[in-house]
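1. Structure, please.
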Amino acid sequence: MTLPAAPTLLSLARVPLGLAFIAAGQRPVMAMSLVAASGLTDVLDGWSARRLGLVSATGAVLDPLTDKWFVACVVGTLVARGKLPPLGVLALMTRELAEIPLVARELRTRDASFEQPRANRAGKVATALQFASLAAAIVGARRLRDALLGATAIAGVVAGVSYWKRALA
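-> This next block holds a predicted model:
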């Protein structure tokens, strides 16, 4: 039996971190620490995969899945605690909603070969704004949260358009 590579273990660490966030209760410092730990594992898994030559199709699938898992735990918890309005969830998901038909198109037209995904600046901005929105919700800064949610929705649309432009080019 082969042990999973370091990047895989770093990605998988976001599963228990998501569960821990649910259990964090009303403790903003603990919740923010878990978000920071999740972000750190996300940065380190990609970095270590590239640095160690361990980039793989499995990692390319596992990384975004564990990201989505962690975010779902955070968003679900914040909505359940009344710290994030349901429309805020829609704002947070703007980019992902734009990606759904693109992913379906890619799955339908792509061959079986693995191509390392390229970074996208608009997507990184949207991700940063998503995390900033969640941080504002965690600490209870409602006005800031709402402003960031608006910016997140706009950035999500811009990122979605850039993904579509790249795919159709």
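2. For the helix or strand of the chain with the lowest mean pLDDT, which outside residues touch it?
-> Every helix and strand in the chain was compared by mean pLDDT, DSSP states H and E; the lowest is helix 94-109, with a mean of 82. For helix 94-109, contacts defined as Cβ atoms under 8 Å, 6 or more residues apart in numbering pick out 123, 126, 152-153, 155-157, 159-161, 163-164, 167. C-beta here means a position set from N, CA and C on the backbone, and glycine is covered the same way.
3. can you pull the contacts of Ala151?
-> Ala151 touches Leu129, Ser133, counting by Cβ under 8 Å, 6+ apart.
4. tell me which residues of the longest helix seen in the chain are tucked away?
-> Looking across the chain with DSSP state H, the single longest helix is helix 142-168. The neighbour-count check on helix 142-168 (16 or more other Cβ atoms under 10 Å) flags 145-146, 148-149, 151-153, 155-160, 162-163 as buried.
5. from the residues you listed, which has minimum pLDDT?
-> Of all the buried residues of helix 142-168, Tyr163 carries the smallest pLDDT score, 86.
6. Tell me how far it lies from Leu107.
-> Separation of Tyr163 from Leu107 (Cβ to Cβ, to the nearest Å): 14 Å.
7. ditto for Ala60
-> Taken as Cβ to Cβ, the span from Ala60 to Leu107 is 13 Å.
8. between the two, who's got more neighbours?
-> Taking other Cβ atoms under 10 Å, Ala60 and Leu107 do not tie; Ala60 has more neighbours (15 against 8).
9. what's the angle from the host helix or strand of the more buried one to helix 142-168?
-> Using DSSP states H and E, Ala60 sits within helix 57-80. If you take axes from the mean of the first three to the mean of the last three Cα atoms, to 10 degrees, helix 57-80 sits at 150 degrees to helix 142-168.
10. helices or strands up against the helix or strand just after helix 57-80?
-> Counting by DSSP H and E, the next helix or strand C-terminal to helix 57-80 is helix 86-92. In terms of contacts (3 or more Cβ pairs under 8 Å, 6 or more residues apart in numbering; DSSP states H and E), helix 86-92 is packed against helix 57-80, helix 121-139, helix 142-168.
11. quick one, what contacts the closest residue in space to Gly123 that isn't next to it in sequence?
-> Distances taken as Cβ to Cβ, 6 or more residues apart in numbering put Ala159 closest to Gly123, at 4.6 Å, once the chain neighbours are dropped. Applying Cβ under 8 Å, 6+ apart, we find Ala159 in contact with Arg95, Ala98, Asn120, Ala122, Gly123, Val125, Ala126.
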